[in-house]
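Undergrad: Sharing a sequence plus its predicted fold:
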Amino acid sequence: MTKEEKKKLKKSGKSTWKEFKAFISRGNVLDLAVGVIMASAFSAIVTAFSNILLSICTWGVPGGINGLVTVLPALNSAQAGVDGIGQSFASSDLVEVTITYAANQGATITASDASFTSWQSNLLKLYTLHGSTYTYNNSAIIDWGTFINAIISFLVVAICLFTIVKVFAAIKAKNDKIKADQLEKYYEKHPEERPAPVAPEAPKPTEVELLAQIRDLLKSEKAKEKKE
């Protein structure tokens, strides 16, 4: 690489660095970064608040928020669950269901056997706990808890944003009024610096008026031709 090429490369690197510094130091970029960080923190607060509201509203539901699940009837064998167990079972029946699951596989066990934990682990790979009920993984379910949580989160965010916008709009209007009053007082003391009023612009002709003008021009042109 020649010296000239090295100089060009070095100059290009400096130019790129200057452009990057100018870009990153812009106010809107910094504001955007702060906004993203604040939004992430605010999202965590909204999620926690929504969970608290749902916990209170679903106090009497077994399993709380996660228990608000509807299991749809099985339409095929893939959704029917394990033979002898079905699509769902209560968490309190886990020990009995594990023994039944092992029996279906040809093994006879008790809760005190060393292999019981292994059988239970294999069973729980097929079922997911929703509240106080285990549901077969391939079953079609309606998760009402997640749906209601999303609605509450949306309402909380909407109310908070509406309040923030209203407060900032009121503050901005107040500041604008203060600035206008201060400017008016300044012009009262220095009337020579008051800008001259700007004359309002003439209204632009409508499309109908333009067509009428064109028509009148054509008529006048034809009239001139006839006279000639």
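TA: Yep, it's here.
Undergrad: Tell me the buried residues in whichever strand or helix holds Ile56?
TA: Element membership for Ile56 (DSSP states H and E) is helix 27-57. Within helix 27-57, the residues that count as buried by 16 or more other C-beta atoms under 10 Å are Val46, Ser50, Asn51, Leu53, Leu54. Yep, even glycine has a C-beta here, placed from its N, CA and C like the rest.
Undergrad: what about the strands in the protein?
TA: For the chain, the strands defined by DSSP state E occupy 69-71, 88-90, 127-130, 133-136, 141-143.
Undergrad: now for the lengthiest helix in the chain, which elements pack on it?
TA: Longest helix of the chain, by residue count under DSSP state H: helix 144-189. With contacts taken as 3 or more C-beta pairs under 8 Å, 6 or more residues apart in numbering; DSSP states H and E, helix 144-189 sits against helix 27-57, strand 69-71.
Undergrad: tell me the mean pLDDT over the longest one?
TA: Spelled out, that is helix 27-57. Averaging pLDDT along helix 27-57 yields 72.
Undergrad: Just want the angle from it to helix 144-189.
TA: Angle, helix 27-57 to helix 144-189, by axes from the mean of the first three to the mean of the last three C-alpha atoms, to 10 degrees: 140 degrees.
Undergrad: Any idea how far helix 27-57 is from the middle of the chain?
TA: Centroid separation for helix 27-57 versus its chain: 10 Å, with C-alpha atoms, centre = their mean, to the nearest Å.
Undergrad: next one: the last one
TA: The offset between the C-alpha centroid of strand 69-71 and the centroid of the whole chain comes to 26 Å, using C-alpha atoms, centre = their mean.
Undergrad: contacting residues for the nearest residue to Ile85 once chain neighbours are set aside?
TA: Nearest non-adjacent residue to Ile85, counting by C-beta to C-beta, 6 or more residues apart in numbering: Val97, 5.7 Å away. If you count contacts by C-beta atoms under 8 Å, 6 or more residues apart in numbering, Val97 has them with Ile85, Phe89, Leu123, Tyr134.
Undergrad: residues contacting the first one?
TA: The one in question is Ile85. By C-beta under 8 Å, 6+ apart, Ile85 lies in contact with Val97, Thr100, Tyr101, Asn104.
Undergrad: Restricted to helices, list those.
TA: Val97, Thr100, Tyr101, Asn104.
Undergrad: pLDDT value on the first one, please?
TA: It refers to Val97. Model confidence at Val97, expressed as pLDDT, equals 93.
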